[in-house]
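Engineer: Pasting the sequence and the predicted coordinates here, then a few questions.
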Amino acid sequence: MQSDTFLPDTDSEDEDSDYESDSSGDLPKNNNIGVMYDFPKEAITGQRFLDQSSQEKYKDLRNEFFTPKLRKGRILFHTNSGNSYNSIIDLVDDYKLDDINNVIGFELISACIKSNNASVPFVDIRIPELPHICCKQNEQGVPVLDRIPLDLSTSTQNKYTHDREYHNYFTPMKLSKLTLEVRLPNGTITTDYTGFYEFEITVLNRSLSQR
């Protein structure tokens, strides 16, 4: 099973057979310039469909809303504390995304972590598989995804929303498993915190080598 969030739908065998049976003659006339392959932009400039709508405006709307340069999807992750702590974000087996190719961005959107020590004001979130360009540098020189302030009352949880108004995109890469590290202010990795996380993955729709 694949996720519609990141991966395109695949046609069934019945649909393929129907298409093959109809594809022996001319292509049908319709408002879909996708039936034209490798056409130059000049070919649709000033041209209109059978209903007199603009091919150029159709193409602009289609590319903006239905075939954008980037695809974005969000995943949710939960960690328990102690012996049942889980640090592995398995995009293939758990999220059914297969290997995600052409990933160029990964961000923490929000987090809710329950404090268990009134003397710890924050924790840093690190995923070592991610490039440094999408991270923030902490006082120990460690690239972290974000810093999460904690409510010093151990009976409450504090929801944090990221403050980024920019995107640090990186060279396209494939992701399948990620490791979540929760680090104390002194740099120690801890498994003592229960947390809820929301991440956003940005995928480049087209290969950089596409002609």
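Structural biologist: Ah, there it is. Residues are numbered from 1 along each chain as shown.
Engineer: Using the three-state scheme, assign residue 71.
Structural biologist: Secondary structure, DSSP: H, G, I helix; E, B strand; the rest coil: residue 71 is strand.
Engineer: what's around it, how many residues?
Structural biologist: Look at residue 71: counted by other Cβ atoms under 10 Å, it has 17 neighbours. (Glycine included, C-beta is placed from N, CA and C.)
Engineer: Show the contacting residues for the nearest residue to it once chain neighbours are set aside.
Structural biologist: Sequence neighbours aside, residue 203 is the residue nearest to residue 71 in space, at 4.6 Å (criterion: Cβ to Cβ, 6 or more residues apart in numbering). Shown in contact with residue 203 (Cβ atoms under 8 Å, 6 or more residues apart in numbering): 6, 70-73, 100-104.
Engineer: Apply 7 Å and report the result again.
Structural biologist: 6, 70-71, 100, 102-103 (Cβ atoms under 7 Å, 6 or more residues apart in numbering).
Engineer: so it sits in a strand?
Structural biologist: Yes - the assignment for residue 203 (three-state DSSP) places it in a strand.
Engineer: Who does it form a beta bridge with?
Structural biologist: Going by DSSP bridges, residue 203 is paired in beta bridges with residue 71, residue 103.
Engineer: What of residue 160?
Structural biologist: Going by DSSP bridges, residue 160 forms beta bridges with residue 111.
Engineer: distance of residue 178 from residue 128?
Structural biologist: For residue 178, the distance to residue 128 (Cβ to Cβ, to the nearest Å) stands at 9 Å.
Engineer: And these two? Which one has more around it.
Structural biologist: Neighbour count, other Cβ under 10 Å: between residue 178 and residue 128, residue 178 has more, with 19 against 11.
Engineer: where's that one, which helix or strand?
Structural biologist: strand 177-179 (DSSP states H and E).
Engineer: in this structure, which spans are strands?
Structural biologist: Under the criterion DSSP state E, the chain contains strands at 70-79, 88-90, 100-114, 122-126, 136-137, 143-144, 146-149, 157-161, 173-175, 177-179, 181-183, 189-190, 195-204.
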